[in-house]
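Asks: Please find the sequence and the predicted model below.
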There are 2 protein chains.
Amino acid sequence: MSTFTTAIGIDFGGTSVKSAVVREGKLIHRGVPIDPQAATSSDALLDSLVALIAGMRVDFPDIAGVGIGLPGFVDIERGVVHELTNVAGWNDVPLRDILQQRIGLPVTVENDANAMAYAEYKCGAARGARYVMCITLGTGVGGALVLDGHIFRGAQFAAGEIGHMSIDLHGVSGPYGNTGGLEEYVGNVQIAERAGERYRAAGQAKTPADCTPANLSAAALRGDPVAARMWDDLAIEIGAALANVIWIINPDTIVIGGGVAKAGPLLFDPIRREIRQRTLALYHEHLRVVPAELGNDAGIIGNAILALEAAELCRNAEKII
Amino acid sequence: MSTFTTAIGIDFGGTSVKSAVVREGKLIHRGVPIDPQAATSSDALLDSLVALIAGMRVDFPDIAGVGIGLPGFVDIERGVVHELTNVAGWNDVPLRDILQQRIGLPVTVENDANAMAYAEYKCGAARGARYVMCITLGTGVGGALVLDGHIFRGAQFAAGEIGHMSIDLHGVSGPYGNTGGLEEYVGNVQIAERAGERYRAAGQAKTPADCTPANLSAAALRGDPVAARMWDDLAIEIGAALANVIWIINPDTIVIGGGVAKAGPLLFDPIRREIRQRTLALYHEHLRVVPAELGNDAGIIGNAILALEAAELCRNAEKII
């Protein structure tokens, strides 16, 4: 039985650090967001995190730990964040140990997509599933695996990165040397660029702002053929990438989240069709392909759960000693 | 401590059923190969398997179990082989229970690529590794994952099938509906066809027999530019597929086996180059990409090890009762 019920979850994004006190999987108090780009140094940023946590502990003295999720590559074992987008001087910061020492509570650090996937597994769309692939479709395309009840991280804690998996070995070059990486086709910026080009080719002038996923959704629902075709092509690309994961992992559940996933059936129906077409029945006849349930709070919830698990481990270790 | 040391491993191929008595990871006695296509029915084939096993037990009375690996999709939990290439009437045969009942020993059934990978992990090229991807390059392109010391099978025991993973969403159609599946480029038959075309384009007549992997290896080593280019292209295709697995699984070891892998550095050097190019350093700087060590006996050894583990489980279950 778990002794602890309450932890702080922090979702450390490139433009906003969102946080909340989470009790039994529910947000019970939101922290004031911090703008990481406003911090003059990584020390100043750490000071504001410590102040935020201290403030929450006044009102919620039963807080048992703090979980922080960050974009990019995180060394879970040593608690070190290799690099943080948009924060000057943030290189190989041993975030876990620094914070633990300053606040006297167990701290976890985790890749943001992993934390989101774990939340969906623990109390969202993948409850009860055994082999879960999560994909988040936004500015970046993130991914994570939860296998047999645990986040699957791989040798350097870097597993699940479906955004950089290639769907076309002769395709568009991406930032990490690969060609045809999924993100180069279905990231928000790429969607806007491609849709813009297609509109221009059809003789319609559109700004990038006209081509957000939300606007393309609305346009497709109004019967706009360019937008409808765009969603179909995105679904083919996402479906091809997911089919690759299916052949390798044979998951029972695929969770799709992020802003682009709000297109709903416009995206999910053709993705499911692509998966059926590109895999044997054995792989897809019992497969669930479902939207994420926890929305923007998934990261906060997942990190809080990871912090509770770490607090439990610490308590048990003390007992054994 | 393991009590049992000796088991029978059977590698049930489409054209030959190879077997041996295996003691502590070594073959100590080979069985006479059975031709599955010569059997008039699945019952006749089962009879010859039972006779083979009975014969071996006369000479090796300490045999603790029998492990059988088969191509295609095997339901590990129920011990059922869904379908067997080249054997008429072999559909959904509950092979494990039938054999167990007839011989009175624990029997395991496993996908052949999984058994080979497990052997390489237990006593071959992937000893001591934690996150292993194995790929076998032959007529078919098989694959398997050994993660955290266990064969990773996924929801329908069908994980690891890198041969059907797409490297080009607009590529060649394969047998299971996917386009651009790796096997459609680097399977033995496909290699021979592609090399034949390239030779013809270069004004040289070659038969398919001239274009076996072994002959293409020898030709490339003699400086034949068509063959050299062929190996480089194969390596790009295999490297692109492996890079996809790397982004998703983040393995520490990749084992490459099968006839095509005998090309050695001709294939391994450019595969390693492709992987370096298509992944971040974090993923490849500690990654080992190595040839399989156990050759054609990997399946026999892996199945024997699985049988010993099953025998151990049975013994422990009896103790508990």
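Replies: Everything's here; your move.
Asks: do you know how far A:Leu145 is from B:Ile63?
Replies: Using CB to CB, to the nearest Å, we find A:Leu145 at a distance of 39 Å from B:Ile63. All C-beta spots, glycine's among them, are computed from the backbone N, C-alpha and C.
Asks: same deal with A:Ala7?
Replies: A:Ala7 is 54 Å from B:Ile63, by CB to CB.
Asks: neighbour-wise, which of these two wins?
Replies: Set A:Ala7 next to B:Ile63 and count neighbours by other CB atoms under 10 Å in any protein chain shown: A:Ala7 wins out with 29 against 24.
Asks: And stretch A:269-278, how far out from the chain middle?
Replies: Centroid separation between stretch A:269-278 and its chain, computed with CA atoms, centre = their mean, to the nearest Å, is 23 Å.
Asks: which residues sit against it?
Replies: If you take CB atoms under 8 Å, 6 or more residues apart in numbering or on different chains as the criterion, stretch A:269-278 is touched by A:231-232, A:235-236, A:238-240, A:242-243, A:246, A:256, A:284, A:287, A:289, B:166, B:176-179.
Asks: Just the ones of the residues you listed in strands?
Replies: A:Ile256, A:Val289 (DSSP state E).
Asks: and the contacts of stretch A:269-278, which are buried?
Replies: Among the contacts of stretch A:269-278, those classed as buried by 16 or more other CB atoms under 10 Å in any protein chain shown are A:231-232, A:235-236, A:238-240, A:242-243, A:246, A:256, A:284, A:287, A:289, B:166, B:176-179.
Asks: so where do the strands sit in chain A?
Replies: Under DSSP E, chain A gives strands at A:6-12, A:17-23, A:26-30, A:66-70, A:74-75, A:80-83, A:91-93, A:107-111, A:131-137, A:141-147, A:150-152, A:253-257, A:288-291.
Asks: can you tell which of those is closest to chain B?
Replies: Closest of the strands of chain A to chain B is strand A:131-137, at 5.0 Å (criterion: CB to the nearest CB).
Asks: Who does the closest one pair with, and is each partner parallel or antiparallel?
Replies: When pairing is defined by DSSP bridges, strand A:131-137 lines up against strand A:141-147 (antiparallel), strand A:253-257 (parallel).
Asks: Would you check that A:Gly196 makes contact with A:Pro208?
Replies: Yes - counting by CB atoms under 8 Å, A:Pro208 is a contact partner of A:Gly196 at 6.0 Å.
Asks: which one of those two has more residues nearby?
Replies: Neighbours per residue, other CB under 10 Å: of A:Gly196 and A:Pro208, the larger number sits with A:Gly196, 17 against 13.
Asks: What residues does that one make contact with?
Replies: Neighbours of A:Gly196 in contact, by CB under 8 Å, 6+ apart: A:Lys206, A:Thr207, A:Pro208, A:Asp210, A:Cys211.
Asks: Adding distance to chain B and pLDDT, write those residues out as JSON lines.
Replies: Listed next are the contacts of A:Gly196 as JSON lines, based on distance: CB to the nearest CB, whole Å; pLDDT from 0 to 100:
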{"residue": "A:Lys206", "distance to chain B": "26", "pLDDT": "91"}
{"residue": "A:Thr207", "distance to chain B": "29", "pLDDT": "87"}
{"residue": "A:Pro208", "distance to chain B": "25", "pLDDT": "81"}
{"residue": "A:Asp210", "distance to chain B": "27", "pLDDT": "91"}
{"residue": "A:Cys211", "distance to chain B": "22", "pLDDT": "95"}
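Asks: Just these: which are in helices?
Replies: Among the contacts of A:Gly196, no member falls in helices (DSSP state H).
Asks: Show the contacting residues for the residue in the stretch 201-321 of chain A that chain B sits nearest to.
Replies: Ranked by CB to the nearest CB, the top residue of the stretch 201-321 of chain A for proximity to chain B is A:Asn250, at 2.7 Å. Counting by CB under 8 Å, 6+ apart, A:Asn250 makes contact with A:Tyr131, A:Tyr283, B:Arg153, B:Gly154, B:Ala155, B:Gln156, B:Phe157, B:Ala158, B:Ala159.
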